[in-house]
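Q: pasting the structure only:
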């Protein structure tokens, strides 16, 4: 989960001037990302990634690994 969130945070911060204030759909084969906000206990790293992601308007979507073109 940490690697998936790190990749999303890297992309958001790298292209912040393009995506800030816009709705973003994030497609991933990692299903637990949909439930990140509902988890009660996080590690410190997950909590840090979560605060970065909350700055943006993101909707996570789950795709099966077989149907995803790139990972």
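A: Happy to help now that I have it. The structure presented is a predicted model; accordingly, all values stated were derived computationally and were not measured.
Q: the helix of greatest length in the chain: how far from the chain's middle?
A: The single longest helix within the chain, with elements called by DSSP state H, is helix 2-14. Put simply, helix 2-14 sits 7 Å off its chain's centre (CA atoms, centre = their mean, to the nearest Å).
Q: for that helix, packing partners?
A: strand 23-28, helix 44-53 (3 or more CB pairs under 8 Å, 6 or more residues apart in numbering; DSSP states H and E). C-beta coordinates here come from the backbone N, C-alpha and C atoms, glycine included.
Q: what's the closest of these to residue 16?
A: Residue 16 lies closest to helix 44-53 among the helices and strands packed on helix 2-14, at 9.9 Å (CB to CB).
Q: and stretch 14-30, which residues are buried?
A: 19, 24, 26, 28, 30 (16 or more other CB atoms under 10 Å).
Q: redo those residues as a markdown table? Include distance to residue 6.
A: As requested, these are exported to a markdown table (distance: CB to CB, whole Å):
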| residue | distance to residue 6 |
| --- | --- |
| 19 | 17 |
| 24 | 17 |
| 26 | 13 |
| 28 | 12 |
| 30 | 12 |
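Q: could you point out the helix or strand that follows the longest helix of the chain?
A: Heading C-terminal from helix 2-14, the first helix or strand you meet, by DSSP states H and E, is helix 16-19.
Q: pLDDT of that following helix, averaged?
A: The average pLDDT for helix 16-19 rounds to 93.
Q: go on, stretch 45-60?
A: 88.
Q: now do the buried residues in that stretch.
A: Within stretch 45-60, the residues scored as buried using 16+ other CB under 10 Å are 49, 52, 53, 56, 58, 60.
Q: of those residues, which pair is most distant in space?
A: Most distant of the buried residues of stretch 45-60, by CB to CB, are 52 and 60, 14.0 Å apart.
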